[in-house]
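Q: I would like the atomic coordinates for the input below:
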Amino acid sequence: MSEGDRHRPKPEEPHDRAACARAWQTLRMAHERVAERLGAELGRECALVINEFDVLLALRLRAEPAARIGALREAVSLSQPALSRLIARLEARGLLARSAAADDGRSVVVRLTEPGNALIERAIAVHARTIQETLTGKFSDAEQTALLDGLSRIVR
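A: Model (predicted):
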């Protein structure tokens with residue numbers, strides 16, 4: 001056993017539990033504050049909620065102009081029925097268009113419309129400004145890199 005291993009708390013020790021609780025609570029609170037501010041700004045300036053923004057952004061960032069609804073599930077944490085309802089609302093607002101998939105007429109694909117493209121461009125600017133003000137702007141460049149690296153390990 002190395003010198004460092006002897007002084008490292010075991011996972012079952014109370015100190016480690018307290019650190020885990022603090023890490024969880026801090027991450028949750030930070031997420032809530034950023035999401036609350038982002039939701040307010042997207043709502044005020046673009047009439048979008050965060051899940052709508054996430055779907056429009058996922059479509060905007062895709063190499064192909066259309067996507068199957070199932071492919072958008074990675075962009076937003078919703079069940080298939082809830083995602084379908086969200087897409088229906090965006091379609092009713094004229095931001096998305098649905099059509100049959102070229103390779104399988106039984107499958108449905110969605111794509112951004114011109115108004116959808118225009119709105120997501122505006123929303124991306126709102127998003128960038130808000131994230132900079134509430135999150136990244138609070139860190140130096142080196143701290144931003146460390147934050148992104150650390151959070152990226154969680155989602156791998």
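Q: mind checking how far the lengthiest helix in the chain is from the chain centre?
A: For the chain, the longest helix by residue count, based on DSSP state H, is helix 14-46. Remark: helix 14-46 is offset 13 Å from the chain centroid, using C-alpha atoms, centre = their mean, to the nearest Å.
Q: quick one: average confidence on stretch 23-39?
A: On average, the pLDDT along stretch 23-39 is 96.
Q: got the CA coordinates for that stretch in PDB?
A: The C-alpha trace of stretch 23-39 is given here as PDB (Å, rounded to 0.1, in the frame of the first residue of the first chain):
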ATOM      1  CA  ALA A  23     -20.600  17.800  -4.500                       C
ATOM      2  CA  TRP A  24     -24.200  16.700  -5.400                       C
ATOM      3  CA  GLN A  25     -25.900  19.600  -3.700                       C
ATOM      4  CA  THR A  26     -23.500  22.200  -5.200                       C
ATOM      5  CA  LEU A  27     -23.900  20.700  -8.700                       C
ATOM      6  CA  ARG A  28     -27.700  20.600  -8.400                       C
ATOM      7  CA  MET A  29     -27.900  24.200  -7.100                       C
ATOM      8  CA  ALA A  30     -25.600  25.500  -9.800                       C
ATOM      9  CA  HIS A  31     -27.600  23.700 -12.500                       C
ATOM     10  CA  GLU A  32     -30.900  25.100 -11.100                       C
ATOM     11  CA  ARG A  33     -29.600  28.700 -11.000                       C
ATOM     12  CA  VAL A  34     -28.200  28.600 -14.500                       C
ATOM     13  CA  ALA A  35     -31.300  26.700 -15.900                       C
ATOM     14  CA  GLU A  36     -33.600  29.200 -14.200                       C
ATOM     15  CA  ARG A  37     -31.900  32.200 -15.700                       C
ATOM     16  CA  LEU A  38     -31.600  30.600 -19.100                       C
ATOM     17  CA  GLY A  39     -35.200  29.600 -19.100                       C
END
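Q: How about residues contacting it?
A: With C-beta atoms under 8 Å, 6 or more residues apart in numbering as the test, stretch 23-39 has contacts from 49-50, 127, 130-131, 133-135. C-beta here means a position set from N, CA and C on the backbone, and glycine is covered the same way.
Q: could you redo those residues as CSV and give each row neighbour count?
A: Compiled in CSV, those are given as follows (neighbours: other C-beta atoms under 10 Å):
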residue, neighbour count
V49, 13
I50, 15
H127, 20
T130, 18
I131, 15
E133, 14
T134, 17
L135, 17
